[in-house]
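S.K.: Here's my sequence, what's the structure:
(chains A and B)
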Amino acid sequence: MNGSTMRIPWFVWVSLASVSCIVAGTYWDISWHMTIGRDSFWTPAHLLIQAGGILAGGSGAVLVFTTTFRRSAPLRPVSIGVWGFRGPFGAFLGAWGAATMVVSAPFDNWWHNAYGLDVKILSPPHAVLTIGILGVAVAGVLLVLATMNRATGPARDRLAWVMLVIGGEILVLSMIAILEQTFRSNLHRAEAYRAVAIVAPLMMVTFARVSDQRWAATIIATFYTAFMATMVWFFPLFHAEPKLGPVYQQITHFIPLEFPLLLIVPAIAIDIVRDRFAAWPRWKLAPVLGSVFLATFLAAEWPFATFMQSEGARNAIFGGDYFAYFMQPDWAIPRHEFFTEHALARGLVEAVLVAILTSWIGLRLGDAMRAVRR
Amino acid sequence: MKRAFVILCLVLCGTANAHVGSPDVFFEGDAGPYRLFVTIRTPQVIPGIATIEIRSEAADVTGITVVPMRLTGPGSDLPPAADRAKRSTTDPKFFTTTLWLMEHGSMQVRIAVTGARGPATLSVPVPAYAQKTLAMPTGLGALLLGLMTLLALAIVAISIGALREAALEPGLVPSRSHRIALVIISGAVVGLIVLGKLWWGAVAEDYEQMVMKPWQPAVTATGCRIQIPARSQLLPDHGHDMHLFLVRMPAMDQLAHLHPTRDDGGFGQDLPSLPAGHYQVFADIVLPTGFPITGTAAIDLPDLHCAAVTGDDTVWAAGVVLANGARMIWDRPRDLRAGVAQALTFRVVERDGSPSQLEPYMGMAAHAEVVRTDASVFAHLHPNGSVAMPALELAANKLAMPGMDMAMPMPAMSATLTFPFGFPRAGDYKLFIQIKRRGVIETASFDAHVIE
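M.R.: Residues are numbered from 1 along each chain as shown, chains lettered A, B, ... in the order given. This is a model prediction of the structure:
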């Protein structure tokens, strides 16, 4: 079968399903903690995340074992060797990510016993879990990418779309990881823009560089926007109440995460700049991409954040009055106030520099990923 | 959220809880027509899971649910979904459940009872605080270290494998070695692990700040005057900002129960006549949130020849018995076991065996102090248990309907006294039971040997 007529292999769909499970599970889990509070190993959200790990780990193991022990395995010519085993790069990484997710469980359990149930998203055991999830997500990208890079014609186009969807999902995961820094009351502080500058240009530029799509960054940002906005509209339709106390906010339905940040604006700008200066070397292109990203994002998000704190956003469209049960009434967030900032200009300059650096890393990473064949 | 955590720590960290070495809550009270004996075994870490045991006096209780709330202020009005307590299969009057305590500070467990006499509610204050952090068991530590090492080696091997072959066209064989990359990637992985360990240490240190620290006031005595450093606003407990206990160690043959008042140096109190010796000091106070604290200190006193005690103050010396031939009798169970919640029952009888007529002593039928011989445990009890009265009043006020008089009812002055309590650890204890008869405050003492 040549590259243009090949069918999309099963592990591409498994990779997509795996990352999708993890993204949906992670979102649901955080909403669960904001709404219900109490959880267990068996909550639906946790089961979704675990299903994502099992899919990635299982398919990775199957690919490695069949490629290693069957001399005629179709992936053998496009495999890498690790400790005597053979398989696609993404298969090894998927199995590793799933194993890391499993290892985080006893660590997390002990952590709760030693220090109490964590009330922050990122604790050391959660960081181990996040690294595992990252391994699974990147593995999904690599499996699709290697297949895409070997394909031509319509198959390549279809694979490119699958990869952009996974890219959008990874952007969602990345933005969830910086949720605490980008909550609405923080959006007039430089910290929020620094945090976004770390993840968003990296994701958008990397996937755009890999893809042949002219509007790749826009497509990824659209996926993020559509996903986050849909969840804001969808989650409150379901009844839920806190099962932990003290309860500071009256809650009768699931509380969604924040309305999406306006990443769509810098994404369009990135795609225009990429198209206009396609021939520029990385060192020249990265400063333009980083600066344009931050300037356009700041111009769009700053006034939008003001709107999100206003009466106009307190409705089912924008979810401006959805608060977690543990948010105390005198905190800035339920009072629709911004945290104060004392070093905005310096912080924004830092954010520009960060965006330039992550843009350069994105370009470099994208070029490396275009070369992946196995 | 972190900011609130820090502010809370500023208020509570560096203080001790009510009682010393006895973190569980024992309470006997009425939920409407139902008499309940409630034991709340607090978790060692916060957020953590408390175990709740409820014994109903009557058999007509059909169901019990519990919810955690703050005792006062925000968080004290909206209950979460209730947890249903499980009825014992062997004892239909006994219910148990678990409950998450998510925040440090002054909390309450609100208990809703259903039964033949209709629904009723009771609130039990709980001071929630982290008692300690746990060390990782050696076996689990070794397992996690082994798994981490394996995962670290695996990611290095996968990375090198990918560098060597991932970009090769199908069928080609790798030719380059990647020794420099191996060193760089290994270094990066080790660096990541080291950074993770440093982060873990920093987080653990933050949690350590939240662990209860004893309040150890610098108590000083000059002549017949004792001084205790001031705390800010306090709630009066039985009409006094502070209850101060001095116990001569190690014999525990002298006890003074005093009530210092605010003066220029903090709290001050005229001491009564006391024999020279080494005294353990326990100072009970209640913060405005209803969170009770016991400060501990030690002080050496010379022979003191001072004025006699007045008001609610009292002193006791070994050998002193109740006046007029009266006796206090402890209906002692066969065994006293650590961790077992029970009602410690005492009877006060006159010389002829008839029940004594007790008078309220600071609004209660009696006060009890339980002290372990090494002073590592101190609990100030009342007939309704180990809960501080101001906290109980705050909880009762929260349950009150508008216009309802929620002044704490004066307990019936029965000559039979019960104190709900569980000894926290095995060992030898001294119990001091203080009552008032014919206008005189009297103390009886008992020795208790508690087994595991």
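S.K.: Going by C-alpha atoms from here, please, whenever you check contacts or count neighbours.
M.R.: Will do.
S.K.: Could the C-alpha coordinates of stretch A:320-337 be exported in PDB?
M.R.: Extracted in PDB, the C-alpha atoms of stretch A:320-337 (Å, rounded to 0.1, in the frame of the first residue of the first chain):
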ATOM      1  CA  GLY A 320     -19.800  35.100  34.600                       C
ATOM      2  CA  ASP A 321     -21.500  34.100  37.800                       C
ATOM      3  CA  TYR A 322     -20.500  30.500  38.100                       C
ATOM      4  CA  PHE A 323     -18.300  29.900  41.200                       C
ATOM      5  CA  ALA A 324     -17.000  26.900  42.900                       C
ATOM      6  CA  TYR A 325     -18.600  25.900  46.100                       C
ATOM      7  CA  PHE A 326     -15.500  26.800  48.100                       C
ATOM      8  CA  MET A 327     -15.100  30.400  46.900                       C
ATOM      9  CA  GLN A 328     -15.700  32.500  49.900                       C
ATOM     10  CA  PRO A 329     -18.000  35.600  49.300                       C
ATOM     11  CA  ASP A 330     -15.200  38.000  50.200                       C
ATOM     12  CA  TRP A 331     -12.700  36.700  47.700                       C
ATOM     13  CA  ALA A 332     -12.100  38.800  44.600                       C
ATOM     14  CA  ILE A 333     -13.500  36.300  42.200                       C
ATOM     15  CA  PRO A 334     -17.100  36.100  43.400                       C
ATOM     16  CA  ARG A 335     -16.900  39.900  44.000                       C
ATOM     17  CA  HIS A 336     -16.100  40.300  40.300                       C
ATOM     18  CA  GLU A 337     -13.000  42.200  41.100                       C
END
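S.K.: Name the surrounding residues that touch it.
M.R.: Around stretch A:320-337, the neighbours that count as contacts under Cα atoms under 8 Å, 6 or more residues apart in numbering or on different chains are A:34-36, A:184-185, A:242, A:245-251, A:255-256, A:308-310, A:313-315, A:338-339, B:1, B:74-75.
S.K.: Might one say that residue A:366 is in contact with residue A:203?
M.R.: No. Applying Cα atoms under 8 Å as the test, residue A:366 and residue A:203 come out as separate, 9.6 Å apart.
S.K.: Those two: who's more crowded?
M.R.: Neighbour count, other Cα atoms under 10 Å in any protein chain shown: between residue A:366 and residue A:203, residue A:203 has more, with 27 against 21.
S.K.: Now that one: which helix or strand?
M.R.: If you go by DSSP states H and E, residue A:203 is part of helix A:190-210.
S.K.: just checking, what packs against that helix?
M.R.: With contacts taken as 3 or more Cα pairs under 8 Å, 6 or more residues apart in numbering or on different chains; DSSP states H and E, helix A:190-210 sits against helix A:153-177, helix A:216-234, helix A:264-276, helix A:282-308, helix A:344-370.
S.K.: How far does the last one sit from its chain's centre?
M.R.: In terms of Cα atoms, centre = their mean, to the nearest Å, the centre of helix A:344-370 is set 17 Å apart from its chain centre.
S.K.: and that helix, does that touch chain B?
M.R.: No. Helix A:344-370 stays clear of chain B (Cα under 8 Å from any Cα of the partner chain), getting no nearer than 8.5 Å.
S.K.: Would you mind listing the buried residues in that helix?
M.R.: Residues of helix A:344-370 classed as buried by neighbour count (16 or more other Cα atoms under 10 Å in any protein chain shown): A:347-348, A:350-367, A:369-370.
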